[in-house]
Structures are given as structure tokens and as C-alpha cells.
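Asks: Pasting a predicted model and its sequence here:
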Amino acid sequence: MSIDISKKEERAVIEDEFRIFHLRYLTLLDQASDPIMITNQKGDFLEVNSSLCKLFGYIKEELLGSNISKLMDPHQLENDPIRFDLLIAGQSILRERRMIDRKGRIIEVEANVKLLPDGMILAIARDITDRKIIEEKIRKSEQDFRLLIEQASDGIFISVEDGSIIDVNSYGCKLIGFSRDELLKMRIPDLFFREDIEKMPLKFSDLVQGKTVLTERRIKREDGVAVDVETNTKMLSDRRILGIMRDITERKRIEKALRESEYKFRKIVENAPVAIASYVENENRDLVFANKKFEALSGYNLDEFPTVDIFRHLIFPNENYRKWVYDTWTVNNAQRIEVEIRNKNGEVKNIEASKAMYENQIYVIANDITDRKKAAEEMRISEEKYRRMFYENPFPVWIYDIENLKILEVNHAAIQKYGYEKAEFSSLTLKDIVSQDDLTALLEFVSQRKRKHNGQKKLWNYLKKNGETMVGELAFYPIDYLGRKAMQVQINDVTEKIRLEKILEQQKKLKQKHIAKAVLLAEEKERSELGKELHDNINQILAASKMFINTALNAKSLRRNLLVQSMDNLSLAIEEIRKLSKSLITPQIKEIGLVESIKDLVDLVLTVNKMKIKFDIKKLDENKLNKDCKIAIYRIVQEQLNNIIKYSKATSLKIQLLNEGQRVNLNISDNGKGFDPKVRRKGIGITNIISRAELYNGHVHIDSAPGKGCRLEVVLNSKDVKQAK
């Protein structure tokens, strides 16, 4: 059997070339500055480069064989899973993702994902964490500007026209190797090699003309080492010169590696998830290369893609727009531009295109930002929605200029409430719609709102167009209105509420008058009872005594008996007057005490009523009660005993008095005929008892029924005593 030696040798050569190519491919992949990963269609890692391992803190062996979900934020992955089905269908995915490094820190990346021809998935990630942080800080406050400059990953230099450096950020010092104080003593030309300046002079004239000069140069570090940088220079409005230097040493190294392996370059570019094309910077702008993503974006197949002047084959909204794009891209040499095109299939696309120049070729990288534009439009619609909420607010709302008080905007409710047309409001100020009585106070109040940023509310009288006065509760909120300092005012019309409150106050006063009238009637009744007692009882006793004395003067035989009878009647009159006085005059509780006063009251009852009375004071500490509280208790006992004597026909009763701290309990129960507490009764006895209890933040409970006697429970709080008159 013969062997074809030449074919074996040719195969060995091919295998060696393949191994060399594969080694170069892996080396270039590993040296790429952007994190790159290759997975299967399940997300299992097949290959990762050093940049990815460095970014996430893993070594290569820890990632190979594991799944991409290991690096992803589980919450985002749950809500927004990887669409492997779209990749398998041939779609590329450009998304921003939250990833997690080995230490659990969140890393924001922009990932471009594409299915390779061999079925593997290529993902190129760009760490945008710093960019996200910087963007957020810029939005938060201009006061953080200096901090952002210091945190920038580019060297930033500010110089004057003679080249003297007047400011530099920390990264600029680090990039050059000099301290900030040393750099502030240097000039911009000192940062470059003399021979480089001679070959490519600094074009100060272009800066004076307002041009932005973007160049690639070598800078000279403090130790003499050359560093490749990209410089972006522009003259500011105050004629200072702003220069931004970006270290492109790594990019230069990668570009050199790409030149050394064009095959590898084409393989990566052809399957990149972003649209990439290159053309020659000449009169015809001949197309040199376009990848599949560019094919999908433009709608042309690679075989039929035009090879001359791609601007002629892009459909713009109109010719003026085409000219603007052409001038911006070519004449003004813009490095990044957003444009709207219509591809071969008639689809409208919004793209963000950037370019890089190498030798005489322009490399174009285009991202489809149609979805991002759509999201921006949705945000605009959302803002319009909140604008409608202002106009459709059911409460009247103004916006006025904080300086001149001129009304800038009103909603529909304000127009309806005040009666002015919208155009009429624009000629008014706050002075025109506020009552003249409140004007001075309002102006002072508004002046204070300039310094106090809160929603304090206050009541004001304001005027409708027809002159009608209303009361409004106004809440002030400072806002920025189209770049002007303004105040938004929301008005709650409380006119009806104030009217009802006045009616309620009038009713309250009327009720107080009724109460006062009832008190006066009670006093009159008490005077009437006093007069009746004096007339029907004491007056009769005294009249009889007078008659006995007159008879005794003329009848000597009966004189002694008549005088004795007169003496008895006078004694009886004196006792009746004493009883009557005792019932009217405030007892001398301070001298004899509450208990003794109540005992005297009980003794008085027993002289005219034969009943059993039990007085329980075992749990009473009289020393804890003040004088006013003792008088109130005495009057309540006196009032209830009068009620029992007059109405109950009771034969026995019990009085129990005890206290616990500030709490005082009084219970009076009898075995009389009782009554229904729900039935309204004549007299003010119970009302007086309740009123006295309320003076002490207390309450009264009556337990009674016809034929079952009555139990009166009164609870007082001696700490809350009010002076009773």
C-alpha cells in the first residue's frame, strides 16, 4: 500500500498554520481591551478573555464550564431573561445589563451579543459603570462638576492662549507623571516631544476659528516614556483652551495586533453585533468593507451592496437633511452623529454612528437606537400626561412669577372658579385677585415664600371676576417654570366651610343662651320655693306666736300657757330658719370637713323623715380632696337627698363615698318607688348633678326602674377640678 507523502506534508502544513492562526486568534482575543466571552446556546462559557476575568475578579478556569447567569444580576435576569431564541433566529442584541463581580459588586455593562456561524454565541461587553455614575452625577447637580472632572478617566487640561497650564485633573497628573503644582508651572508644548511638534504643529489658528481639534499624539511622561494619547482640544468662550487627553496606548497596541492579523480582524468584525463598515476617504468614498450587521441595518445584501459613495444609497427624509448629515460627517468631521434613515426595505431607522480613521480609511460603527428613540418619545408622552394632570386638577391652581407676581399659567378649575378667560389671566397679578383687605398681608406672606420652600397653607379672601368674595386655603410650592423662578399655588375654596362654621358657632351661642335661661329659671324657682317656705311655714308660726302674746296680755289666767306656747313657736321658727339657711348657704366644709357636713345633712333629713340611712366612708381619704371637690360632692349629695325626700317615698337609703388616687366614687341608693331614666322629667335636679360632675371631667350613671328604687353613681376626678360658682 502506497502513501501520498506530499498530501500528508500539505496536511501537516495546514494543521500547523491552523494551530498558529488559532494561537494568534486566542492571543488577540485575550489581549482585547473589551471583555469578550463565547458561550454555547445554553449560556455555558466556552472561552473568555483576560479583560473579562479582570473585570469580574475571576480566573479563567473558574468561569469555563459555568453558565453566564453566574455573572448576572438575578433580579434583572428574572425580569429580563436572555433571549437565546432571538439570537438563534439570527437577531443581534444590544443591551445594557447589570452584572455582579466576584465580590458581589454591581457592574453596568453594554453588551453586544451575536450568534456566530458555527452556532456559538459571541458577546462583547463594555464596562459602562463609570459612565453611568458620571451621567447620574451630572444630572444630580452642577455643583459636582469639579468632582466629576476629578473622577474622569481622561486627562483634562485647561490652558491660556500662550500655552500655560492653569488647571489639570488628577488623572491628567497621573497620565503625565507630574504633580499638579509642577504642571501648573509648565506649558502645553512641554508635554510633547519636540520632533512630534515639528512634524505636526499645534494648530492654534483652528481653535481661534472655533474648531474642535481631534488628534492622536505622543506625550512625554516625567520619566521620558512616550504615551500615545488622543487629544480633543477646543477654545472656550472665555478664550481658555480645554484639552482632553485619553490614553490610547492599549488601543494602539490592539490596532497593531489587528494589522498583524487581518484575517482575525475580519472574522470578528463580520460577526460583530454592531454595524461596521469602512470606506476610503477620497472623492468617491469607495466602500471597502461592510459586515452582516451593516447589511441588516441598510437592507442590502453583501453581494449587491453599492461600492461607491454610500451616502447616495441612504434614504434621508429630505435633501436638506442629507446635506446636513454630509456636512456634519465629512466637512465638520464629526466623530459621532445621530441620524434618521430609511433602509432599502423602507424601514425607518434611527442610528448612532461613530467613526475612526486609520491611514486613509474611515471605519464606521453604527448602533440601531430606534428603540431608544421610541423610549424617549414615550417619555415625552408621559410628560404630556402629567401636564394634563395639572390642567385637569379639580382644585384651582395658579403659577405666578416670584418676582413680579404676574400670573403665568392657570388650570381649567381656576378659569371656572374665578370667571376669567385664560387670556385675561395673563394680564393679571396676585394683587388683582386678592381682597384689598388682605393685600398687604399677602405681599408680606409671598415675600417670605421666596425664602421658605414649603407648602404652608393660609386662608385668604380672594375675588372672582364678578366681584364676589370667597375664602380660599392657599398652599404655595416653589417650581421652575420654563427657566423662570415661579411659585405654584393650589387653592381650596373653603367659603362654604367657613359659612357652616359660623352657623355652628351661632347655634352654640344660642344653646348657651338656653342654658343660661334654664339656670335663671332654676334660680327663680328656688327663690319661689324659699318665699313659699317663709310664707307657708315660718310666717304662720310667727303669726301664731304674735296672736298668743296679744291674748296673754289681756287674759291673765291663760298668760303662762300662752307665753310658753309662744316660746315653743319662736323656737320652732328659729329651727326652721336654721334649716332653711343651712340648705342655701355653702357649708363650712373647711372648718368641719366633708364627712361631718354630710352627717349634719343626714341629721337634718332624719328630723323630718323617719328612714334608715347608712353612711359608708371606710375607704375615703378626705385629705386627698381639695375644697372645691368637697363642695361639689356635698351639693350632689344634698341634691339627691332632696330628690329622694320629694319623690321616692323611700324608707331606707345608703350613701357610700370612697376614693382611689385622684378618682372619687359616690354611690347613693334607695328603696323608693324608682322611675324610668329614659322618660324626660320636670325639674333640673339631675341636670345640676351631671353639670357638677362634668366640672371634674367625670360622669353620672343612674340605675333605676319603676318599683325598684334608684342607684346614683357619680365618678369625679379631683385633679381636673374647675372652680364652681
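Replies: Right, received. Where do you want to start?
Asks: Please enumerate the helices of the stretch 201-350 of the chain.
Replies: Ranges of helices within the stretch 201-350 of the chain are 204-208, 249-260, 262-270, 292-298, 319-326, based on DSSP state H, counting those that start in this stretch.
Asks: Return the most buried member of the ones you listed.
Replies: helix 292-298 (a mean of 21; mean count of other CB atoms under 10 Å). Any C-beta I mention is one placed from the backbone N, CA and C, and that applies to glycine too.
Asks: How about the contacts made by the closest residue to residue 86 other than its chain neighbours?
Replies: Excluding its sequence neighbours, the residue lying closest to residue 86 (CB to CB, 6 or more residues apart in numbering) is residue 93, at 6.3 Å. Contact partners of residue 93, counting by CB atoms under 8 Å, 6 or more residues apart in numbering, are 83, 86, 87, 111, 112, 113, 114, 273.
Asks: Ok, residue 46 next?
Replies: Neighbours of residue 46 in contact, by CB under 8 Å, 6+ apart: 38, 39, 40, 64, 120.
Asks: per-residue confidence for the third one?
Replies: This points to residue 40. Reported pLDDT at residue 40 in the predicted model: 88.
Asks: do the same with the last one
Replies: In this model, residue 120 is scored at 85, pLDDT.
Asks: how near is it to residue 45?
Replies: 11 Å (CB to CB, to the nearest Å).
Asks: what is in contact with these two at once?
Replies: Shared contacts of residue 120 and residue 45, counting by CB under 8 Å, 6+ apart, come down to 38, 39.
Asks: neighbour count winner among those two?
Replies: It is residue 45, of residue 120 and residue 45, that has more neighbours when counted by other CB atoms under 10 Å, with 20 against 15.
Asks: Checking my notes, the more buried one in a strand, right?
Replies: Yes: Residue 45 forms part of a strand when assessed by DSSP: H, G, I helix; E, B strand; the rest coil.
Asks: thought it was touching residue 64?
Replies: Yes: contact criterion CB atoms under 8 Å: residue 45 and residue 64 qualify, at 5.3 Å.
Asks: ok, back up a step: okay, and which of the contacts of residue 93 map to helices?
Replies: Counting by DSSP state H, these place 86, 87 in helices.
Asks: Now that we have the contacts of residue 93, can you turn them into JSON lines and tack on neighbour count and distance to residue 466?
Replies: Below are these laid out as JSON lines (neighbours: other CB atoms under 10 Å; distance: CB to CB, whole Å):
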{"residue": "83", "neighbour count": "13", "distance to residue 466": "64"}
{"residue": "86", "neighbour count": "13", "distance to residue 466": "65"}
{"residue": "87", "neighbour count": "20", "distance to residue 466": "70"}
{"residue": "111", "neighbour count": "19", "distance to residue 466": "65"}
{"residue": "112", "neighbour count": "19", "distance to residue 466": "67"}
{"residue": "113", "neighbour count": "24", "distance to residue 466": "68"}
{"residue": "114", "neighbour count": "23", "distance to residue 466": "71"}
{"residue": "273", "neighbour count": "24", "distance to residue 466": "68"}
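Asks: Need the worst-confidence member of the contacts of residue 93.
Replies: residue 273 (76).
Asks: Nearest spatial neighbour of it, chain-adjacent residues omitted?
Replies: Leaving out its chain neighbours, residue 273 is closest to residue 112 (CB to CB, 6+ apart), at 3.5 Å.
Asks: still on that earlier bit, quick check: phi and psi at the residue nearest to residue 86.
Replies: phi -120, psi 120 (degrees, to the nearest 10).
Asks: Next one: it from residue 364, what distance?
Replies: Applying CB to CB to residue 93 and residue 364 gives a distance of 21 Å.
Asks: Next: residue 470.
Replies: Counting by CB to CB, the gap from residue 470 to residue 364 is 66 Å.
Asks: Then residue 706?
Replies: Applying CB to CB to residue 706 and residue 364 gives a distance of 107 Å.
Asks: same check, this time on residue 60
Replies: 33 Å.
Asks: Which residue of these two possesses the greater neighbour count?
Replies: residue 364 (20 against 14).
Asks: Just the buried positions in the helix or strand that contains that one, please.
Replies: If you go by DSSP states H and E, residue 364 is part of strand 361-368. Across strand 361-368, burial judged by 16 or more other CB atoms under 10 Å covers 362, 363, 364, 365, 366, 367, 368.
Asks: give the contact list for the third one.
Replies: Residues in contact with residue 364, defined by CB under 8 Å, 6+ apart, are 275, 276, 277, 278, 279, 294, 353, 354, 355.
Asks: Closest one to residue 107 out of those, please.
Replies: residue 354 (23.1 Å; CB to CB).
Asks: In contact with the closest one: list those residues for me.
Replies: Applying CB under 8 Å, 6+ apart, the residues near residue 354 are 335, 336, 337, 364, 365.
Asks: ok, now residue 254?
Replies: Counted by CB under 8 Å, 6+ apart, residue 254 has contacts 31, 32, 33.
Asks: the strands in the stretch 151-300 of the chain, which residues?
Replies: Using DSSP state E, counting those that start in this stretch, the strands of the stretch 151-300 of the chain run over 155-159, 165-168, 213-220, 226-235, 241-247, 275-280, 287-290.
Asks: quick one: strands adjacent to the fourth one?
Replies: Strand pairing for strand 226-235, using DSSP bridges, gives strand 213-220 (antiparallel), strand 241-247 (antiparallel).
Asks: Check which residues of it are buried.
Replies: 227, 228, 229, 230, 231, 232, 233, 234, 235.
Asks: What average pLDDT does the strand holding residue 364 get?
Replies: 80.
Asks: other SSEs contacting the next helix or strand along the chain from that strand?
Replies: Where DSSP H and E defines the elements, the next helix or strand beyond strand 361-368 is helix 370-391. Other elements packing on helix 370-391 under the criterion 3 or more CB pairs under 8 Å, 6 or more residues apart in numbering; DSSP states H and E are strand 348-358.
Asks: Run the angle between the strand it packs on and strand 226-235 for me.
Replies: 130 degrees (axes from the mean of the first three to the mean of the last three CA atoms, to 10 degrees).
Asks: Could I get the average pLDDT for strand 348-358?
Replies: On average, strand 348-358 scores 79.
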